[in-house]
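In: Give the three-dimensional model of this entry:
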Amino acid sequence: MRARLLSILIFTLTAGLGFASALFEFQLHILPGTEGGGRETLQAVDIDKDGDIDFFTGDGRGGSSQWFENLGPAGWKRHVVSDSDDTDVGAVALDVDGDGWMDKAAGSFWYRNTGHPGDSTGGFTLCKDGAQAYVHDMLSADIDGDGIKDIITIDYDGIRWFSVPRDSACRPWTEHRVNGHTLDPQQHGGIAVGDLDGDGDMDISRMDRWYENADGKGLVWTEHKNIDFGRAWENGSGLSGKAMILDMDGDGANDLLETECDIPNGRIAWFRNADGKGLQWERRIIEDSAFEQDFQTLAVADYDGDGDMDIFSIGGPQTVGTPLAFMWENLDGKGGAWNRTIVLEKKMGHEGVAVDMDGDGDMDILVKPWVTGEKFWLENLRISPASLRPSGKHADPGARKGLSVPGPGSRRDSYKKRYSHHGNEFDAQGKRPPAAQP
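Out: Predicted coordinates:
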């Protein structure tokens with residue numbers, strides 16, 4: 001199997017802020033044989049319990065549902081979970097029945113992992129009495145505080161959550177309404193789940209407002225329309241974005257991080273939870289719309305190993321011109337100073353997730369394009385490859401997990417690229433290029 005590899009080494013400094021930025025080194029791995037299934041949400045988990053990262057995806061809208069098995073140096077193998085799928089793009093991986101195997105929920109269907117996921121005839125059992133059909137976002141969290149993860153969805157008809165029974169029976173999940181169909185404005189994507197008022201239960205946000213879990217059981221919700229963000233599609237489809245609830249500045253209160261997507265000039269911002277109760281927000285713009293990117297991805301992790309959260313995103317289908325992938329380094333650890341680095345050009349991504357693909361202890365990024373094309377991942381080379389020891393069922397001396405490793409006769413292509421940021425230009429080794437000769 002032929003591997004296509006691209007080495008990218010970027011070094012930048014942020015001018016005028018007094019912070020030196022990290023050295024980012026990523027290697028691009030194209031995953032041959034992973035075409036298709038590019039519509040549905042990417043779920044990177046260990047599906048077959050062999051110790052490495054596989055992933056679920058699917059065609060959505062009546063197409064097939066698939067998972068891709070990580071074979072280590074041998075590449076990736078596509079498995080069909082089901083020929084029937086009834087979601088839009090929303091899906092989530094979770095252990096529905098508590099048997100220790102990762103199942104998949106997508107729209108109103110859920111697929112039970114029988115413990116033999118590679119079996120073409122009995123790997124998964126289809127249950128058609130799950131959540132809501134044709135949803136855009138689908139998340140899992142414990143909404144009612146019973147210790148079992150529930151399912152949260154959004155589509156044009158509003159936000160719902162579903163109580164998930166902890167067994168393998170194919171019976172209806174109980175639906176609970178959070179809100180109805182809103183037209184002020186409408187939203188079809190961009191929810192997040194977390195504790196925004198500090199009372200210990202799970203609340204739900206959308207782009208321009210959040211819903212307080214007033215009784216702690218998910219039965220009574222209070223709307224707070226106090227988040228200044230989000231721009232609607234010109235075609236009338238409403239707001240869309242990616243969102244995450246996390247403590248960005250380390251003050252003990254959860255904040256809100258959001259991107260704008262499905263538009264050609266998206267922004268990224270985080271909102272400081274000033275009073276710790278979600279009633280006073282301070283907006284901090286991380287990226288404006290100058291690059292004309294459709295920010296479909298929000299992959300947050302400590303990529304440089306300094307103990308705080310950095311941000312990755314990549315231009316999606318509505319991007320104007322060249323799609324770009326960015327890393328924003330959290331320079332002060334409190335979200336007050338950011339350094340932007342372009343880490344990849346000319347590859348579009350509909351969704352990317354932060355995950356340790358090769359098991360080396362640092363966070364990599366797995367990306368899928370929109371609808372068609374091969375998936376790819378960006379290997380974080382912060383931890384030296386020479387120090388790695390392979391593990392897992394497919395371990396092979398000299399080869400790491402998750403890689404499309406070149407075999408005999410294969411070709412490894414790499415290049416070094418020069419980037420210019422903030423008026424400081426460095427080559428791929430972090431050195432200034434020689435001055436031009438008169």
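In: Which parts of the stretch 251-400 of the chain are helices?
Out: Under the criterion DSSP state H, counting those that start in this stretch, the stretch 251-400 of the chain carries no helices.
In: low-scoring pLDDT stretches of it, where are they?
Out: The model of the stretch 251-400 of the chain has pLDDT under 70 over residues 384-400.
In: Going along the chain, name the strands of it.
Out: With DSSP state E, counting those that start in this stretch as the criterion, the stretch 251-400 of the chain has strands at 255-260, 268-273, 281-287, 299-301, 310-314, 324-330, 338-345, 351-355, 364-368, 376-380.
In: packing partners for the last one?
Out: I take that to be strand 376-380. Under the contact definition 3 or more Cβ pairs under 8 Å, 6 or more residues apart in numbering; DSSP states H and E, strand 376-380 sits against strand 23-30, strand 364-368. C-betas here are computed from N, CA, C, even on glycine.
In: how distant is it from the center of its chain?
Out: 13 Å (Cα atoms, centre = their mean, to the nearest Å).
In: who's in contact with it?
Out: Residues from elsewhere that reach strand 376-380, judged by Cβ atoms under 8 Å, 6 or more residues apart in numbering: 25-31, 303, 325, 343-344, 347, 357-358, 362-367, 402-403.
In: Show me what counts as buried in stretch 153-168.
Out: By neighbour count on 16 or more other Cβ atoms under 10 Å, the buried set for stretch 153-168 is Thr153, Ile154, Asp155, Tyr156, Asp157, Gly158, Ile159, Arg160, Trp161, Phe162, Ser163, Val164.
In: what's the average pLDDT for that stretch?
Out: Taken as a whole, stretch 153-168 has an average pLDDT of 89.
In: And stretch 35-52, by the same measure?
Out: What stretch 35-52 shows for mean pLDDT is 91.
In: in it, what counts as buried?
Out: Across stretch 35-52, burial judged by 16+ other Cβ under 10 Å covers 36-44, 46-48, 50, 52.
In: Considering those, which is situated nearest to Asn179?
Out: Set against Asn179, the nearest of these by Cβ to Cβ is Thr41 (21.6 Å).
In: out of the helices and strands packed on strand 376-380, nearest to Asp137?
Out: Among those, strand 364-368 comes nearest to Asp137, with 15.9 Å by Cβ to Cβ.
In: what lines up beside the closest one in the sheet?
Out: With DSSP bridges as the test, strand 364-368 is paired with strand 351-355 (antiparallel), strand 376-380 (antiparallel).
In: and these as a markdown table, adding distance to Asp199 and mean neighbour count?
Out: Converted to a markdown table, those look like this (distance: least, Cβ to Cβ, whole Å; neighbours: other Cβ atoms under 10 Å):
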| stretch | distance to Asp199 | mean neighbour count |
| --- | --- | --- |
| strand 351-355 | 28 | 23 |
| strand 376-380 | 36 | 25 |
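In: if I look at the closest residue to Asn70 other than its chain neighbours, how far off is Gly38?
Out: With sequence-adjacent residues excluded and distances taken as Cβ to Cβ, 6 or more residues apart in numbering, Asn70 is closest to Asp52, at 4.6 Å. Using Cβ to Cβ, to the nearest Å, we find Asp52 at a distance of 22 Å from Gly38.
In: Asp48 too?
Out: The spacing between Asp48 and Gly38, counted by Cβ to Cβ, is 22 Å.
In: before we move on, back to that, could you dump the strands paired with strand 364-368 into a markdown table with distance to Ser168 added?
Out: Formatted as a markdown table, the strands paired with strand 364-368 follow (distance: least, Cβ to Cβ, whole Å):
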| stretch | distance to Ser168 |
| --- | --- |
| strand 351-355 | 27 |
| strand 376-380 | 32 |
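In: Compare these and give me the one nearest Thr259.
Out: Smallest distance to Thr259 across the strands paired with strand 364-368 (Cβ to Cβ): 11.4 Å, for strand 351-355.
In: quick one: contacts of the closest one?
Out: For strand 351-355, contacts defined as Cβ under 8 Å, 6+ apart pick out 41-44, 53, 296-297, 299-301, 303, 312-314, 363-368.
In: right, and Ser163 touches Arg171 too?
Out: No: judged on Cβ atoms under 8 Å, Ser163 makes no contact with Arg171 at a distance of 11.4 Å.
In: Met138 falls within a strand, correct?
Out: Yes: under DSSP: H, G, I helix; E, B strand; the rest coil, Met138 falls within a strand.
In: picking up where we left off before, return the most buried member of the helices and strands packed on strand 376-380.
Out: Mean neighbours per residue, mean count of other Cβ atoms under 10 Å, is largest over the helices and strands packed on strand 376-380 for strand 364-368, with a mean of 26.
In: Name whatever forms a beta bridge with the residue nearest in space to the middle of the chain.
Out: Residue closest to the average C-alpha location in the chain (Cα atoms, centre = their mean): Val353, at 3.3 Å. The residues listed as beta-bridge partners of Val353 by DSSP bridges are Leu366.
In: For Met348, see how far away the residue lying closest to Phe68 once chain neighbours are set aside is.
Out: Closest residue in space to Phe68, ignoring its immediate chain neighbours: Trp76 at 5.0 Å, by Cβ to Cβ, 6+ apart. Shown here: Trp76 relative to Met348, a distance of 20 Å by Cβ to Cβ.
In: what does Arg209 give?
Out: Between Arg209 and Met348 the computed distance is 30 Å (Cβ to Cβ).
In: More neighbours: which of these two?
Out: Using other Cβ atoms under 10 Å, the more surrounded residue of Arg209 and Met348 is Met348, with 20 against 17.
In: and the closest residue to the more buried one other than its chain neighbours, what does it touch?
Out: Spatial nearest neighbour of Met348, chain neighbours left out: Pro323 (4.2 Å); criterion: Cβ to Cβ, 6+ apart. Pro323 is in contact with Gln293, Ile314, Gly315, Gly316, Glu345, Lys346, Lys347, Met348, Gly349, counting by Cβ under 8 Å, 6+ apart.
In: Phi first, then psi, for Gln43.
Out: phi -130, psi 110 (degrees, to the nearest 10).
In: On the strand side of things, show who Ala105 bridges to.
Out: Counting by DSSP bridges, Ala105 is bridged to Val92, Trp110.
In: If you could redo that for Asn339, that was the one I meant.
Out: Bridge pairing for Asn339 (DSSP bridges) gives the partners Glu329.
In: thought it was touching Asp332?
Out: No: between Asn339 and Asp332 there is no contact under Cβ under 8 Å: 10.4 Å.
In: next one: stretch 183-195 to chain centre, how far?
Out: With Cα atoms, centre = their mean as the basis, stretch 183-195 stands 17 Å off its chain's centre.
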